[in-house]
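**Q** Let's see this in three dimensions:
(chains A and B)
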Amino acid sequence: NAGVMQNPRHLVRRRGQEARLRCSPMKGHSHVYWYRQLPEEGLKFMVYLQKENIIDESGMPKERFSAEFPKEGPSILRIQQVVRGDSAAYFCASSPGLAVYNEQFFGPGTRLTVL
Amino acid sequence: KQEVTQIPAALSVPEGENLVLNCSFTDSAIYNLQWFRQDPGKGLTSLLLIQSSQREQTSGRLNASLDKSSGRSTLYIAASQPGDSATYLCAVEKAAGNKLTFGGGTRVLVKP
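**A** Residues are numbered from 1 along each chain as shown, chains lettered A, B, ... in the order given. Down below sits the predicted model:
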């Protein structure tokens, strides 16, 4: 049973380009969460999605950031017109849903560097 | 707004000593609390999850306690080993299926 998969593991973009980060949840998990870890800072929640629905995007910047979790395929976190301040590690987590034991399992992260 | 604090921020102990890591949270209305381990440049590995109705969870050399009313959790690691060197994070979930709010972590170094 493969864990949470994220790709790419490392991504380098120049200022103004777009970044697309992908997350495939664990088998049987229908809930996906994205978190960001800025250099020397803690992990901060960005967005929570279920299939085809955004449940909570309270931690996501209002501009340039968007997320989706389509019926088929991975969840995508998209950052348009990247700036240096977007350089961070982006982690995806998945959980089985509103079960009694709703543990979140994390992927290895995508490390984004903006030049 | 929930705030999670971990003290100390860094800890260095000789091999064999027991580790005690503290986590406090401001809002006691939590659904569960998770402890994670993060190695440099890597992702998070879930260590233990304690539901709000539980007082503690154990896995091997790890034991985590939860005192919801006082807003505290403690992670004990018995007989520490150099391989235990990592950053340990605690996180609380306010409601089922909700986001995790993380503490800043405790960076642990176990010296051989």
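**Q** thinking A:Ala67 is in contact with A:Ile79, fair?
**A** No. Between A:Ala67 and A:Ile79 there is no contact under C-beta atoms under 8 Å: 9.9 Å. All C-beta spots, glycine's among them, are computed from the backbone N, C-alpha and C.
**Q** check whether stretch B:80-87 contacts chain A.
**A** No. Stretch B:80-87 does not reach chain A (C-beta under 8 Å from any C-beta of the partner chain); its nearest approach is 10.1 Å.
**Q** Name the residues of that stretch that are buried.
**A** Of all the residues in stretch B:80-87, those buried under the rule 16 or more other C-beta atoms under 10 Å in any protein chain shown are B:80, B:84-87.
**Q** show me the residues around B:Ser12 that make contact.
**A** Contact analysis of B:Ser12 by C-beta atoms under 8 Å, 6 or more residues apart in numbering or on different chains lists B:108-111.
**Q** on that earlier part again, turn the buried residues of stretch B:80-87 into a markdown table, columns for pLDDT.
**A** Below are the buried residues of stretch B:80-87 laid out as a markdown table (pLDDT from 0 to 100):
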| residue | pLDDT |
| --- | --- |
| B:Ser80 | 96 |
| B:Asp84 | 97 |
| B:Ser85 | 97 |
| B:Ala86 | 97 |
| B:Thr87 | 96 |
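**Q** okay if I get those residues as CSV plus secondary structure and distance to B:Gly103?
**A** Formatted as CSV, those follow (DSSP: H, G, I helix; E, B strand; the rest coil; distance: C-beta to C-beta, whole Å):
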residue, secondary structure, distance to B:Gly103
B:Ser80, coil, 20
B:Asp84, helix, 18
B:Ser85, coil, 18
B:Ala86, strand, 15
B:Thr87, strand, 10
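**Q** ok, so of the contacts of B:Ser12, who is nearest A:Ser94?
**A** The closest of those to A:Ser94 turns out to be B:Val108 (C-beta to C-beta; 26.9 Å).
**Q** partners of the helix or strand that contains the closest one, with directions?
**A** Assigned by DSSP states H and E, B:Val108 belongs to strand B:106-111. Next to strand B:106-111 in the sheet, as set by DSSP bridges, lie strand B:10-14 (parallel), strand B:86-93 (antiparallel).
**Q** do the very next helix or strand once past the last one and chain A meet at all?
**A** Going down the chain from strand B:86-93, the next helix or strand is strand B:100-102, by DSSP H and E. Yes. Applying C-beta under 8 Å from any C-beta, one finds strand B:100-102 touching chain A at B:100-102.
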